[in-house]
Structure formats: structure tokens, C-alpha cells
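[1] After the sequence you'll find the predicted model.
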Amino acid sequence: MSTANHAGFHHAHHFESAEHQYQSSKQGIWLFLVTEILMFGGLFVAYSIYHSLYPQIFHAGSKQLSITLGAVNTVVLLFSSFTMALGINFVQRGLRLKAIIALAVTIVCALIFMVVKYFEYTHKFHVGTVPGKYAYTDETRSTTKVAALVKEAGQVSAEEREHTLHMDEEEYKHLRLLNDTHNWPLFFGFYFVMSGIHGLHVLAGACLIFWVLLKVLRNKVGPEYYTPVEGVGLFWHVVDLIWIYLFPLLYLVG
Amino acid sequence: MSHAATSAHTEHNYLNHQKGIWSWLTTLDHKRIGIMYFIAIMSFFLLGGIFALLVRAELFTPGKTLFSADVYNRMMTYHGAIMVFMVIVPGIPAIFGNFVLPIMIGAKDVAFPRLNLMSWYMLMIGALITGSTLFMDRVDTGWTFYTPYSSIKTGMGVIPMVLGVFIIGFSSILTGLNFIVTTHKLRAPGITMTRIPLMVWALYSTAILQVLATPVLAITLLLLVAEKTLGVGIFDPQLGGDPVLFQHFFWFYSHPAVYIMILPAMGVISELVATFSRKVIFGYTAIAYSSLAIAGVSFLVWGHHMFVSGQSEFAGLLFSVITMLVGVPTAIKLFNWIATMYRGSVRLDAPMLFALGFMFLFTIGGLTGVYLASTGMDIHFHDTYFVVAHFHYVMVGGTLMALMGALIYWFPKVTGKMTNDTLGRISWVFIFSGFNVTFYPQFILGAMGMPRRYYDYLPTFTELNQMSTVGSWLIGTGFIVGLVAVIHGLIAGEKAGNDPWGGKTLEWTIPSPPPHENFDKTPVVTGGPYEYR
Ligand code: HEM
Ligand SMILES: [Cu+2]
């Protein structure tokens, strides 16, 4: 279909007008977002079932997550939603340069989010708070890596823990709590799956924003035609919204 | 897209509008995409059918007949998975929905033609990935991929298999989304929602189901992959999880999915009954809204697949009652079709025979569903051949019958040529009779206690199993005759006019095959879709 080009915007042949096409596209995007929410809905259902079955697991597990890092990421995403909204607005008003900056900032926020996630994840790999079977040292699932770490930390003084094991008292306490909780790796199964799928959405969102950024650069969108920018923006808000639910569920429930 | 297209000459049609295989593979024309779906899905059907014949052949005698139990389990899995995810679910909407839906509402195309093409490619990619597992680590879980067997016990081939199905699900979501927006936004002037053909109503309800149910399948399959690769423990009791959760999730999709399979078929039947009775369809609104009602209720009944999974008695009772409610809108449709035929000038051309076959077989399938929905009886019938017979009566006796009817009915519109009616009728005789010979004995086998998904059976069950296997050969013959009818029609079919069957919906007002943009000028509609008398 012909879309925007230098001579202004031509709507596709099977629509009556640009407005008609815009309304249809928007409905399509909303429907797609419904499917995204339903997909995460499945995860939320599973989460709430297990949370009510085993509150202790979720208590111990969430203690292990860094509320600070989670909160930073929440702020970063909220801010990016704001810059995304600005970006749409600038495109609609034909403020090309401002739009480019706003969209670029949004992408940078997405990347910051992923970098923070990277640090969170690597730390978990480090101390062994990983999902399911990987948390255990062997096939028989008799001990966890965390148990080994806690044992080691228990044999030395607090200073030495700080020094050689890079573990502060807070973390030591939480790891011990975890170690005393039966089947705690289940929590990290949820943590990694939920935040992992969300992270993939952040990456996809960043790519999409980059795509519309290119469109702005090439003058393919502007005041007469901005459907892709708006659509990607809606997607980004939903990704943001899902995180707003994930953050309290995973980090704060404890 | 060329701009000259708007001034297409009448002798030009969508088939000769552009030439070459590349023009097909990159086409944005909903009619061509429909044909591409037809070719793809029929190839899958052939494959799934060969597996079915092999499965049945193995069951000709007790014990080993042709191959080992291991091979049997894999063939049964591929048969089920291919037929469900690649044939019956996409079947009618992707093929005929694509072809007729825009025309029936007076539109030039679906709302998002590129997305439409993309859906086709996703089906192909998904099918390739799923199919590639035939040559990998074994997949012998059955099409339901139940945990813990799928997650802990069996081979790693389950992962690509499930990812393929995931991608196919995506294709299904995108098609549904496209149809919803098309129905909302692209109706020609005068076509209100209460003037769209019943086929469109059926496709529309199906599309809602596709959009609302499939995401749950997506997450279920992703969780299964996560379980298998990371051992997240959500379904693994050893890690604190619960394998039954998988079943809840799976059936929360798969029960609505059975209506994704049957609703479009019901749409086809409504068209066939109206056209071949030459009467205004009886109870248009009742048929239309019953589609929506079926779609709605289908979300509330998944637990009837799990009566024996240890759910509470109260849950069982509730699911049982709600399940029986589905019968109401279904019966509404059936009675309206019969009322339409009553005192109509019914013509028994091949498509109508398939429609009658649908009504007959689907009724048996539906009524036996009521047996299964009664918790007490289900304890006896669960996981026996009674279930196998039930769902084949519904899915094959229902959907496939409708698919054959749709094929012969719209063939003249699609190709401009007629199929030979005698060949069509012969095909029907084989499929219809073969079908009953195959699956009726399975009701008896099930009631006698023969379990499903088994490689072996007690010698007392031999005769009925042999009957069933012979029946499968009859069905196979019927489909081959159908294929011959199609090929014969393509090569030597008589020229069809605009409206060979005397249909009244919009697709019969335009030339066969239709021009590239469907309508030279946008139609304006002033009445209902079935104005016979
Ligand atoms: C056309 C002739 C067909 C024959 C002879 C046939 C035969 C069979 C047989 C013998 C089984 C194995 C039952 C068991 O061991 O539990 C089976 C399973 C199944 N078939 Fe068919 N089938 C046919 C067509 C279809 C079609 C068109 C569909 C499309 C929906 C279909 C869907 C299934 C499903 C869903 C299963 C269940 C697999 C499972 O329980 O894991 N079949 N079929
Ligand atoms: Cu069901």
C-alpha cells in the first residue's frame, strides 16, 4: 500500500480517506495491545495462585530483590513514557527536531532500563538465586548454591564477609531467610520469566521507537500522517504499564 | 501498489491482474492470500491425513501391526497437532474468510493487507519449525503437550514443536484482528451490522475468540518452554509447581479454540442453507447473536476437560452446568436452519449435501458432548475412545464437512469454473459413509472401555477397530475424489456465470473470478443479505 511520501500522505486504496485509515489502524493497534495484556494476564494469574499457595516463598524471594534498582527502573520507564508522549505530540505539530530528541531520549531510557536489568540479573547469577533446577547443585536437588554460599559466609566474621565475599549483612540475612524456605527457587522462576518477557518487550519497543525515529528523520511522518508514531507510543505505554504491575508484585510483596 | 489498478478493465480479474510466482508471494490481495492459504492448508491436511491413515492401520490388529509403540505415539502426536493447529483452526477463516469476507461487506480488501500477508508467512514459518521436529528428538506428547510428561520426561523436540505452534498462534491472532477491524470499519454504505451475511457474523465471532483466547495459549507454551529449558518449576511438583495448572491454561485456550474451529463452519452452513433452500434465512438475528453467545460461553467451560483432575466437586458441577448451556445457542442455529429448509425449494447440489452432512454429524457430536459434560458419565468415558469419537464427529464431521461444502460452493467464484456435481456427490457419499463407519464404532469401543492414545488393545475390541480402519480408507477415498473434482474443475470445468447457485449475498453480484479490486464501484446496500421471497 502506498503510505506517506514526500508529496504528502495518500491513504491506501481500500480506505475512503486518511481519517478512515487512521481510525482503522488505531483500532487494530488497540486490539493488539489487548492481546499483549491478556498474555501477561496468564502470568499474573499463575503468579497470584502460587502467591496465595506459598506466601513464604514469595516473601523470602522478594526480599532478595533490590528495591532501589527496581524503583530506579520504574522511574526511568515512567520518564520514558513521558518523553514518548512528547515525541508523538512534537511529530503531530511538525516540530521535527524536538521530536527526534524526545524519541532518542526514550530509546536511551529503554537502554538504561536494560543495563540496570543486566546488573540485577548478573548479581543473581552470582549468588545463585536463579530459577528452578539451576538453583540446585546437582540432579538430586538436595542442596542449592545459595546453601553453599550461606554456609561459607556463616563460617567467617562480618568484616570478612564484606571483604572477601562482597556480601553485606542485609544480603546475608536475606540469603539465610531464603535458604530456610522450602522450594524458594519457584519465586525466581516467576521473577525471571516475568521480568524476562517484559525485558524482551522493552527491547522490541526500543527497536520500534528506533524505526519511527528513522521515519521522522526521513520525513515520512509529520502532522498529516503520524499513525506509526502513535501506535508505537501506545505499545510503549503498555510495556510501561505492565512494569508498573510487575514492580510491586515482584519487589514489594514481601 | 499500482495506481492504475483503480481503472481495472472488467475482463481483467485478480488472477491475471499480475503474473508470476513472485507476484503471488508478495501479493496484498485478500483473494490471492486466500488461495495461498488453501494450498498451504490442504498440504498440511494431506500430511495429517497420511498420519491418520497410518495410526488407524496400526490399530488394525492388537499388538504390533506395522510399527513400534514409540513410532505410533509420535504419529498420533503429529496427526493431532497438524490437524488441530494447522488445518482445522486456520482452515475456514484463513481460506474462505479471506476470500469472501471483504467481498461480502462490499470492501476492496481487508483492513491491513500487509498484515494479512504476514499472517500467511507466519503460518508457513510456524509449520516449518513444527514440521522440522519430525527429524529431531522425539515428540510423543499428544497434541495437548500435557505436563509433567512434556516438561520433564520426553525429548527436547518439544521445544521447537511448541515454538512453531506459538508462531502459528500469532498468525491466528493477526488474522482475527484484521477481520475484526475489517468488519467494523470497511462495510460499504448501507451494510449495517444487522445486514451483514451470517458468514460474516460467524467470522467476526471467531475473530473475537482468536484475539481473546490465543494469547493464553501463547503464554502457556512459553511457560512450557521456560519449564523445559530453565526448569522454572511452575509445572514441576518437585520444585513446588503444579502440573494441573498447565491443563487449566491449556484448556482455557483450547476449549474456546474448538469454537474457533466450528463457528466459521456454522457460518458456511448458514450461507449454504439459505442459498440452496431459496428462502430468506429463518431467524437471522438469532443465528447472528447465537454466534456471539457461543463465543462468550466458551470461555467459561474449560473445566469440563478436567473433571477427573481432582478439581472440587463444586467446580465440576459448575463447569458441567455451564457447559450444557452451550447447547442452547447451538440448538438455536440448528433449528433455524431446519426452519429455513422447511417449505423451501431445497436443491441437493453437492454443497448442500455437505451442509446436511454437517447437521447430521455435528448433532451426534454435540449430543455426545452432553454425555461427557455430565460429571458422572465422564468418569466412565474420560480418556476412552468415546471421547475420540465425540471430537471427531464435531471437528471432522462438522468443520471438514463445512470446508468441503464451502470449497464447492465458492469454487466458481474463485476460479470462474464449476466443479462437476457428480464428482462432488460421489466424494460426499464416501466421506459421509466412511466417516460413520470410522467413528461410530469408536463410541462403542469407548463405552466398552477401550482407552484412547493406546498402541495396543484387548483382542475383544478387534472387530470394531477393523471396521474403524476400513472406514478411514473410505474417508481417504472421498477426499481423493474431492481433489479430483477440484482438479477436473480447474482444467475442464464449465464456465460459471456471476451467480451459478442463485446466491443473494454480495459476492454473487460481481464477476467470477472477481476483478482485482472486487467492485468497480462501491455497492450501496438497501436490504438484508438473503432477499429471496
Ligand atoms: C480423516 C480421518 C481421520 C482418522 C481416521 C483419524 C483417526 C484418529 C486416531 C486413530 C486417533 C488416535 C486416538 C487415540 O489413540 O487416542 C486420532 C486422534 C486425534 N485426531 Fe484424528 N483422525 C482423522 C481426522 C482428524 C481430523 C481432521 C482432525 C482435526 C481436528 C483430527 C483430530 C484429532 C485429535 C485432536 C486427536 C487427539 C490426539 C490426542 O488425543 O492426543 N483427526 N485420530
Ligand atoms: Cu471443551
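    Cool, got the structure. Ligands and ions are numbered 1, 2, ... in the order given.

[2] and chain B, which of its residues are near ligand 1?
    In this structure, chain B approaches ligand 1 at residues B:49, B:52, B:55-56, B:76, B:79-80, B:83-84, B:88, B:142-144, B:388, B:392, B:395-396, B:400, B:438, B:452-453, B:472, B:475, judged by Cβ under 6 Å from any ligand atom. (C-beta placed from N, C-alpha, C; glycine too.)

[3] So, low pLDDT: which residues of the chain?
    Answering for chain A, as no chain was given. A:1-8, A:254 (pLDDT under 70).

[4] nope, chain B
    B:1-11, B:533.

[5] So which residue is smack in the middle of it?
    Centroid-nearest residue in chain B: B:Ile88, 2.9 Å away (criterion: Cα atoms, centre = their mean).

[6] can you map out the strands along the chain?
    I went with chain A, as the question did not name one. For chain A, the strands defined by DSSP state E cover A:4-5, A:8-9.

[7] Tell me the secondary structure of B:Ser345, please.
    Recorded secondary structure, B:Ser345: coil (DSSP: H, G, I helix; E, B strand; the rest coil).

[8] Tell me who's in contact with it.
    Listed by Cβ atoms under 8 Å, 6 or more residues apart in numbering or on different chains, the contact set of B:Ser345 reads B:Ser277, B:Arg278, B:Lys279.

[9] Just among the residues you listed, which is most surrounded?
    When neighbours are taken as other Cβ atoms under 10 Å in any protein chain shown, the top entry among those is B:Ser277 (24 neighbours).

[10] For the closest residue in space to it that isn't next to it in sequence, give me its contacts.
    Spatial nearest neighbour of B:Ser277, excluding adjacent residues (Cβ to Cβ, 6 or more residues apart in numbering or on different chains): B:Gly344 at 3.0 Å. By Cβ under 8 Å, 6+ apart, the residues touching B:Gly344 are B:Ser277, B:Arg278, B:Lys279.

[11] Skip the chain neighbours and tell me the closest residue to the last one.
    So the one you mean is B:Lys279. B:Gly344 (4.0 Å).

[12] What separation is there between the one residue in the stretch 151-300 of chain B that gets nearest to ligand 1 and B:Ile92?
    Closest contact between the stretch 151-300 of chain B and ligand 1, by Cβ to the nearest ligand atom, is at B:Met261 (6.9 Å). For B:Met261, the distance to B:Ile92 equals 8 Å [Cβ to Cβ, to the nearest Å].

[13] Spit out the residues that contact the two alike.
    Taking Cβ under 8 Å, 6+ apart as the contact criterion, the common neighbours of B:Met261 and B:Ile92 are B:Thr399.

[14] Settle it for me: which of those two has more neighbours?
    B:Ile92 (30 against 26).

[15] quick one on the thing from earlier: so which of the residues of chain B next to ligand 1 are in helices?
    B:Gly49, B:Ala52, B:Val55, B:Arg56, B:Met76, B:His79, B:Gly80, B:Val388, B:His392, B:Thr438, B:Ser472, B:Ile475 (DSSP state H).

[16] Tell me, how many residues neighbour the last one?
    The criterion is other Cβ under 10 Å. On that basis, B:Ile475 has 25 neighbouring residues.

[17] Tell me who's in contact with it.
    B:Ile475 neighbours (Cβ under 8 Å, 6+ apart): B:Phe430, B:Ile431, B:Gly434, B:Phe435, B:Thr438.

[18] Of these, which is the nearest to B:Gly157?
    B:Thr438 (29.3 Å; Cβ to Cβ).

[19] and the closest one, what is it in contact with?
    Here B:Thr438 is in contact with B:Arg56, B:His392, B:Ser468, B:Thr469, B:Gly471, B:Ser472, B:Leu474, B:Ile475 (criterion: Cβ under 8 Å, 6+ apart).

[20] In the stretch 401-533 of chain B, what residue lies closest to chain A?
    For the stretch 401-533 of chain B, the residue closest to chain A is B:Glu517, as judged by Cβ to the nearest Cβ, at 7.1 Å.

[21] Next one: that residue from B:Pro102, what distance?
    10 Å.

[22] The two: which has the busier surroundings?
    B:Pro102 (31 against 19).

[23] What is the host helix or strand of the more buried one packed up against?
    Using DSSP states H and E, B:Pro102 sits in helix B:98-104. In this structure, helix B:98-104 makes packing contacts with helix B:30-58, helix B:158-185, helix B:198-230, helix B:401-415, judged by 3 or more Cβ pairs under 8 Å, 6 or more residues apart in numbering or on different chains; DSSP states H and E.

[24] rerun at 6 Å
    helix B:30-58 (3 or more Cβ pairs under 6 Å, 6 or more residues apart in numbering or on different chains; DSSP states H and E).

[25] so what does the helix it packs on touch, helix or strand wise?
    helix B:69-81, helix B:98-104, helix B:113-132, helix B:462-492.

[26] what's the most buried one of those?
    helix B:98-104 (a mean of 27; mean count of other Cβ atoms under 10 Å in any protein chain shown).

[27] In CSV, could you pull the C-alpha coordinates for that one?
    Provided in CSV are the C-alpha atoms of helix B:98-104 (Å, rounded to 0.1, in the frame of the first residue of the first chain):
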residue,chain,number,x,y,z
ASN,B,98,-10.0,-14.2,3.5
PHE,B,99,-11.7,-14.7,0.2
VAL,B,100,-15.3,-13.8,0.9
LEU,B,101,-15.3,-11.6,4.0
PRO,B,102,-14.3,-8.3,2.3
ILE,B,103,-16.5,-9.0,-0.7
MET,B,104,-19.5,-9.8,1.4
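
[28] returning to what we had before: sec struct for the residue of the stretch 151-300 of chain B closest to ligand 1, please.
    Under three-state DSSP, B:Met261 comes out as helix.

[29] any idea what sits nearest it, other than its immediate chain neighbours?
    Take B:Met261 and drop its neighbours on the chain: the residue closest to it by Cβ to Cβ, 6+ apart is B:Ile88, 4.6 Å away.

[30] Please apply the same query to B:Trp201.
    That would be B:Ala288: by Cβ to Cβ, 6+ apart, it lies 4.3 Å from B:Trp201.

[31] and the one you found, that one's in a strand?
    No: counting by three-state DSSP, one finds B:Ala288 to be helix, located in no strand.

[32] Surely it touches B:Leu203?
    No: in this structure B:Ala288 lies outside contact range of B:Leu203 using Cβ atoms under 6 Å: 11.6 Å.

[33] Identify the contacts common to these two.
    Contact criterion Cβ atoms under 6 Å, 6 or more residues apart in numbering or on different chains; residues shared by B:Ala288 and B:Leu203: none found.

[34] Could you list the alpha-carbon positions for stretch A:218-228 in PDB?
    The C-alpha coordinates for stretch A:218-228 follow below in PDB (Å, rounded to 0.1, in the frame of the first residue of the first chain):
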ATOM      1  CA  ARG A 218      13.400  10.700   6.600                       C
ATOM      2  CA  ASN A 219      10.300  12.900   6.800                       C
ATOM      3  CA  LYS A 220       8.000  10.000   6.300                       C
ATOM      4  CA  VAL A 221       5.800  11.100   9.200                       C
ATOM      5  CA  GLY A 222       4.500  14.500  10.100                       C
ATOM      6  CA  PRO A 223       1.400  16.400  11.000                       C
ATOM      7  CA  GLU A 224      -0.700  14.800   8.200                       C
ATOM      8  CA  TYR A 225       0.400  11.300   9.000                       C
ATOM      9  CA  TYR A 226       1.600  10.000  12.300                       C
ATOM     10  CA  THR A 227      -0.100   6.700  12.800                       C
ATOM     11  CA  PRO A 228       3.100   4.600  13.300                       C
END
